[in-house]
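> 3D model of this:
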Amino acid sequence: MTDNKSFWETEEAKLEARRQQSICTGGQKAIDNLAKRGKRPVRNLIADLIDPDTPFFELSTLAGFGMGYPGVEDVPCAGIVTGIGKVHGNWTMIMGSDSRVKAGTYFPITLKKHMRAQAIAEKCRLNCIYIADSGGVFLPMQADVFPDDQHFGSIFYNMARMSSRGLRQVTLSTGGNTAGGAYIVFMACESIMIDKQSFSFLGGPPLVKMATGEEISAEDLGGARVHTEISGGADHICADQTQAVTKVRQLLSLTRPQKIHLHKYEPKEPKVSPGAIYKTLPVSPHRGINGHAILEALADESEFIESKKNFAPGRGSNILTGKIRIKGFPIGVICSNAAGIIFHEAAQKVTEWVVRCSYEKIPLLFIQSAPGFMIGSDSEHAGIGKFGADMVRAVACAQVPKVQLVIGPDNGAANYGMCGRAYKPNFLFSTMRARTGVMSGRSAGGVLLSIEEAKRKAKGTPMTPEEISEFQQKMVDKYDGEAHPFFCASRLLNDRVIKFSEIRDWLAMAFEVSLVKAIGDPTFGNFRF
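From the prediction side, this is the model:
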């Protein structure tokens, strides 16, 4: 047990180091360069924007590493800070360019992260604050960032759509915003510019000179006074960043207070310490887990009200269903247990539970540690395809807030049935034990080796034992590497990699934010009864 705890503490030290690498890009020199221009790092501005002594839940901090863009290997934190905090008591989505990272330039991963934040805001009905200081799109990749759906223009489309639904879009410009980036200022419900620091124009001075022959300074072309006094493209002018942050808070001060659309009980701490997870979870992500022990460490008073506890022992019990409270919120839970393999009985049980919670309008938490659905003739004949499809259908159609927490293998169709990214959970969190991929490296290595051996044999050049070992290890390394939480986080396949000690706080935030929007009535597709 002690070995487990020591191992996970070491893994989470690696996580903390990667976080710091994302946050502290450029070091003190970059901070000093900002100060020379009257600027502060974007996270400092966010800390002043949110209510005093309240947390900022930063999303996708690890995005952007190892992307291998032309001439750019890493884009720390994807060059943009996104997250959720409270402004005058209301949960608010905040998106801020980090000009220390490639001058705030938008790479494909920057766009993906920005639009993921907007998607959460729209789904959960949150107002948005944009801190704009960007050099626009990364021109060498214009075909990957400009013309398509989910490229740069979709940011402004999303702003327009959210504004039309009554979700405030407030922009604070703290630097230059050129071409499409200027629309982050112009598309806002209200925008703030800083004198002698903020600039917005569809074409900057060099482009203007090339296109029209006109020579003009950035200040005279699109400075704060131009847009607040002449063009009307912005609404408020401030002398510095401190005054501008105060103005943003003032603009949101009379926003209607949010209502949480679910009953809530008095929050209680678990009777089992959340730290017990460090001892409970095996070092190998491919070993079975004790789902009951995980729930005891997460639930208020460690209480788990289990549903269908005795159904199909040994197969139905590979997934636990029931209810818990997390900081007072009642939550329907679907939790992997033991080996986590999903037999048809477990799929049947989960389907029924998802439907039941949907009719009761109770949010759902999926705790995922499943290597997949059971295969083989016995399972096929018993209807694993049919019951698995029903499970996937129920999860897809459930209208209640859904959150996924990955604490182990996350493979194959189990990724779908346990509400992976494609099934649009409100939030998706991973831990350092998570392994998200089509299959494990060992399984992939075996399958691909058999194919390679057959090809080589057909050519009359059978593989030697050394070649077999080398090929198999190469596949294991590839698939296990791409399943690692750092790889997934860098590509935004989760919303945050969290420490075991952070799980309760992040789940409580996720469900409270998701419940700002009222829960609709259930509608399900065609089940194969």
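> Check the average confidence over stretch 382-389, would you?
In this model, stretch 382-389 has an average pLDDT of 92.
> whoops, stretch 418-426 was the one
Averaging pLDDT residue by residue across stretch 418-426 gives 97.
> before we move on, what about stretch 474-481?
Rounded mean pLDDT across stretch 474-481 is 90.
> Then stretch 131-146?
For stretch 131-146, mean pLDDT rounds to 90.
> Next one: A299, what pLDDT does it get?
What the model reports for A299 is a pLDDT of 98.
> got it, and K14?
pLDDT, K14: 98.
> again, but for T2
Here the pLDDT value assigned to T2 is 53.
> Also S336?
97.
> Equivalent analysis for L405, please.
At L405, the pLDDT recorded in the model is 98.
> residues touching it, list them.
365-368, 429-431, 503, 507 (C-beta atoms under 8 Å, 6 or more residues apart in numbering). Yep, even glycine has a C-beta here, placed from its N, CA and C like the rest.
> Of those residues, which belong to helices?
503, 507 (DSSP state H).
> Enumerate the positions of the lowest-mean-pLDDT helix or strand in the chain that are buried.
The helix or strand of the chain with the lowest confidence, counting by mean pLDDT, DSSP states H and E, is helix 441-458 at a mean of 87. Residues 441, 443-445, 448-449, 452, 456 are the ones in helix 441-458 that count as buried (16 or more other C-beta atoms under 10 Å).
> With distance to D74 added, can I get the residues you listed in TSV?
TSV is the format used below for the buried residues of helix 441-458 (distance: C-beta to C-beta, whole Å):
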residue	distance to D74
G441	24
S443	30
A444	27
G445	28
L448	29
L449	33
E452	33
R456	38
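> which one among those gets closest to A297?
G441 (28.8 Å; C-beta to C-beta).
> What are the contacting residues of the helix ranked longest in the chain?
Criterion DSSP H: the longest helix present in the chain is helix 2-23. When contacts are defined by C-beta under 8 Å, 6+ apart, helix 2-23 is touched by residues 43, 61-62, 64-65, 76-77, 278-283, 432-433, 486, 497, 499-500.
> Emit the ChimeraX select command for whichever of these are buried.
In ChimeraX syntax, the buried subset of the contacts of helix 2-23 is picked out as below (16+ other C-beta under 10 Å):
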select :61,62,64,65,76,77,278,279,280,281,282,432,433,486,497,499,500
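> mind listing which of the contacts of helix 2-23 are in strands?
Applying DSSP state E to these, the entries found in strands are V497.
> on that earlier part again, closest one to A347 out of the contacts of L405, please.
Out of those, the member with the shortest distance to A347 (by C-beta to C-beta) is F366, at 13.4 Å.
> residues touching that closest one, list them.
By C-beta under 8 Å, 6+ apart, the contact list for F366 reads 333-335, 395, 402-405, 418-419, 425.
> Let me know the closest of those to I216.
Closest approach between those and I216, by C-beta to C-beta: P425, at 48.9 Å.
> which residues touch that closest one?
366, 402-404, 419 are the contacts of P425 under C-beta under 8 Å, 6+ apart.
> wait, A30 sits on V101?
No. Taking contacts as C-beta atoms under 8 Å, A30 lies outside contact range of V101: 9.1 Å.
> ok, back up a step: who are the packing partners of the least confident helix or strand of the chain?
Counting contacts by 3 or more C-beta pairs under 8 Å, 6 or more residues apart in numbering; DSSP states H and E, helix 441-458 is packed against helix 465-483.
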